[in-house]
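1. One predicted model, sequence on top.
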Amino acid sequence: MTNQYVPPKVWQNEPSSGNQWANINRPDSGARFDRELPVGEHPLQLYSLGTPNGQKVTILLEELLALGIKQAEYDAHLIKIGESDQFSSGFVAVNPNSKIPALVDNSGETPVNVFESASILVHLAEKFGKFLPESGSARTQTFNWLFWAQGSAPFLGGGFGHFYAYADEKQEYPINRFAMEAKRQLDVLDKQLANNTFVAGEEYTIADMAIWPWYGNLVLGKLYDAAEFLQVESYENVVRWAKQIAEREAVQRGRIVNRPFGEEWEQVLERHSAEDIDKVMALKPE
């Protein structure tokens, strides 16, 4: 092979290109600059971006509000990861791992910092007693699929998505490696959904909310422009489920919060009241 990469004896952090997404991270953690986080009027303060991981939480919050739970009102502040907002001192104080989403729950006597999307989903589901079965097999199945998503989605996002859509050049080996894994994961979901209305059974849960932003968007052609490449139409049960979830009004609302990209009617940069979403959704073509 020509131009084969030979790793040095000791790795050095030497960015090889001007690729914005390849050069955000460093091998050390912590704040890079001082900046306090904004705080809105509601007890729940979300700091996020409308990527699949961010969509999980805003979908749940909008589902809770759709049930009439007024205590689920929230402020959603935009964190521009391309501009390194996640490395501010304020954000790092909430999430030392510097990843979105992050939540501060001020509803109790002392603030509670919650980070990692699955942890936020569980925190809110237990807090309000919705979308997570209280006990038994149904609860276990929900956790099974919630944590399946946490372990699997990085292969779809940081693996397949990075090399297929964001890397400086298309490379056959990593694209094939992660495409195979993405298709295997879709097959796992497809077989589960062949006998179940929702991922964890017959009940709509936080497991669906965790999985849909990644795999639902993928099969609906809204992620990486890779639907044809991965032949997503062959996963008929996943497509059925993805369309079913997409029809929910709360999902349509939650998926556009903290979203600075897409069509004009898909961009709610910040959410501080229901009207912030209403006025943007009113722009959607009939």
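-> Happy to help now that I have it.
2. per-domain residue ranges of this structure.
-> 1-131, 136-255 (the TED database).
3. tell me, which of these is the model least confident about?
-> Of all these, the minimum mean pLDDT falls on domain 1-131 (a mean of 94).
4. just so I have it, where are all the helices in the stretch 1-150 of the chain?
-> 52-66, 89-94, 117-128, 136-154 (DSSP state H, counting those that start in this stretch).
5. What's opposite the residue lying closest to residue 74 once chain neighbours are set aside in the beta bridge?
-> Distance criterion C-beta to C-beta, 6 or more residues apart in numbering; nearest residue to residue 74, sequence neighbours excluded, is residue 44 at 3.9 Å. C-beta: built from backbone N, CA, C; applies to glycine. Counting by DSSP bridges, residue 44 is bridged to residue 74, residue 105.
6. sorry, back to before: mind putting the domains of the chain into TSV with mean neighbour count?
-> Shown next, in TSV, are those (neighbours: other C-beta atoms under 10 Å):
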stretch	mean neighbour count
domain 1-131	16
domain 136-255	18
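7. For residue 271, find the nearest of these.
-> Among the domains of the chain, the nearest to residue 271 by C-beta to C-beta is domain 1-131 (4.0 Å).
8. quick one: contacts for the residue sitting nearest the centre point of the chain?
-> Nearest to the geometric centre of the chain sits residue 53, at 1.2 Å (C-alpha atoms, centre = their mean). Taking C-beta atoms under 8 Å, 6 or more residues apart in numbering, we find residue 53 in contact with 99-101, 117, 153, 213.
9. Make JSON lines out of those and add distance to residue 207.
-> Formatted as JSON lines, the contacts of residue 53 follow (distance: C-beta to C-beta, whole Å):
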{"residue": "99", "distance to residue 207": "20"}
{"residue": "100", "distance to residue 207": "20"}
{"residue": "101", "distance to residue 207": "17"}
{"residue": "117", "distance to residue 207": "12"}
{"residue": "153", "distance to residue 207": "12"}
{"residue": "213", "distance to residue 207": "12"}
